[in-house]
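Novice: For reference, the sequence and a predicted model appear below.
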Amino acid sequence: MRTANKMTNRKYKFIYKTTNNINGKIYIGQHITDRLNDGYKGSGIVIEQAFKKYGKHNFKMDILEFYEGDSKEEFNNLERSYIEKFDSINPEIGYNRTLCCGGGFLGEEVYKKRFYRHSEEAKRKISIANKGKIVSKESIEKMRKTKLGKINNNRKKKTIKERKKRVISRKRERPILQYDLNGNFIREWESICEAGRFYGLCYGASGIRTACDNPNRTCKGFKWKYKETNEERENIEIASSKRSYEVKYPRKGNMRIEQYDKDMNLINTHDSFSNAARSVNLVNGTAIKRACDNFPVFTARGYYWKRVY
């Protein structure tokens, strides 16, 4: 809703209604202009958000009444009467948020509280009034916690940023290996930065680092990878041996124990060594496990045992 400071400087003054052709919602406002076809359809955060969402071309503006007078108050009252008539302040019907020219989106009281700014004279008076004022311990503690929360939040952001920098820095300092596109080894470099300087790349050589992190990427027509350290090799060996152990000794749900008599006829099937041991009155499954490892040579309790996956 727009109000001119000088009512007599423009040719046309009127109250308009803007209608959303998609959902039927309306917006009532006042406009002062020299051209009737200036493309104006309304202002204010709510209606402008609607323009962005639905497209301004999906809104139609109709003139409800021309105003011939020069009184700003009368012009505002005329707009207010149409807002009340169409109930456009109802969010389900319209986009108006005040009865007249008050920001058009939050309501007059909220608008004043959120956007009002004290004058310098008012600020000076407030300062004088607050001098010598005793602040309670509760207020001081509340202010301290608020400020501390902001400091901790800033520290957390700084820590995350520094951690990322350290990770990137460690990657830059790691030795890297250079290969051609056929996978033939070319050269070893002390760091990403050294290789980057050699090929005239900017500081950090992010292209080489990306190629090291992703084996499908290349940089400068070469493939790159980090050189494995002794610790990394040990971790790979540990992971590999762990996988081998899991294959050899799978979990309970992935394995069953078959029990055979001396003529190799299948008698029973068990889901674990302990259950198999209990079926033949053994304390534990050690003997049955040994028989499984040496099937069909060893027996336990006069039976042959076989591990099946």
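Specialist: Cool, got the structure. All values reported here derive from a predicted model rather than from experimental measurement.

Novice: Domains in the chain, by residue range?
Specialist: Following automatic domain parsing, one gets these domains for the chain: 12-113, 173-226, 252-308.

Novice: Show me the one of these that comes nearest residue 134.
Specialist: Closest to residue 134 of the domains of the chain, according to C-beta to C-beta: domain 12-113, at 26.6 Å. Backbone N, C-alpha and C define where each C-beta goes, glycine included.

Novice: Averaged pLDDT, the closest one. What do you get?
Specialist: Mean per-residue pLDDT for domain 12-113: 84.

Novice: Could you dump the domains of the chain into a markdown table and include distance to residue 145 and mean neighbour count?
Specialist: Shown next, in a markdown table, are the domains of the chain (distance: least, C-beta to C-beta, whole Å; neighbours: other C-beta atoms under 10 Å):
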| stretch | distance to residue 145 | mean neighbour count |
| --- | --- | --- |
| domain 12-113 | 24 | 16 |
| domain 173-226 | 40 | 15 |
| domain 252-308 | 52 | 15 |
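
Novice: Can you give me the separation between the closest residue to residue 94 other than its chain neighbours and residue 197?
Specialist: Excluding the flanking residues, the one nearest residue 94 by C-beta to C-beta, 6 or more residues apart in numbering is residue 88, at 2.8 Å. From residue 88 across to residue 197, the span is 67 Å (C-beta to C-beta, to the nearest Å).

Novice: How about residue 18?
Specialist: 62 Å.

Novice: is the closest residue to residue 183 other than its chain neighbours in a bridge, and if so with what?
Specialist: Using C-beta to C-beta, 6+ apart and skipping residues adjacent in sequence, the residue nearest residue 183 is residue 223, 7.1 Å away. Beta-bridge pairing for residue 223 (DSSP bridges): residue 179.

Novice: Would you check that residue 223 makes contact with residue 185?
Specialist: No - counting by C-beta atoms under 8 Å, residue 223 does not reach residue 185; the two are 10.1 Å apart.

Novice: Can you check which residues contact both of the two?
Specialist: Listed as contacting both residue 223 and residue 185 by C-beta atoms under 8 Å, 6 or more residues apart in numbering are 178, 179.

Novice: For residue 297, give its distance to residue 291.
Specialist: From residue 297 to residue 291 the distance is 8 Å (C-beta to C-beta).

Novice: Could you do residue 299 as well?
Specialist: Counting by C-beta to C-beta, the gap from residue 299 to residue 291 is 6 Å.

Novice: what's the answer for residue 194, then?
Specialist: When distance is defined by C-beta to C-beta, residue 194 is 60 Å away from residue 291.

Novice: One more: residue 187?
Specialist: Residue 187 sits 56 Å away from residue 291, going by C-beta to C-beta.

Novice: again, but for residue 82
Specialist: Distance from residue 82 to residue 291, by C-beta to C-beta: 96 Å.

Novice: Likewise for residue 21?
Specialist: With C-beta to C-beta as the criterion, residue 21 and residue 291 are 83 Å apart.

Novice: and if you look at residue 81?
Specialist: Distance from residue 81 to residue 291, counting by C-beta to C-beta: 99 Å.

Novice: Check residue 220 too.
Specialist: On the measure of C-beta to C-beta, residue 220 and residue 291 end up 61 Å apart.

Novice: next one: residue 212
Specialist: Counting by C-beta to C-beta - residue 212 and residue 291 are separated by 51 Å.

Novice: Who's the closest spatial neighbour of residue 302, skipping the chain neighbours?
Specialist: In space, residue 302 is closest to residue 262, 7.1 Å off (C-beta to C-beta, 6+ apart).
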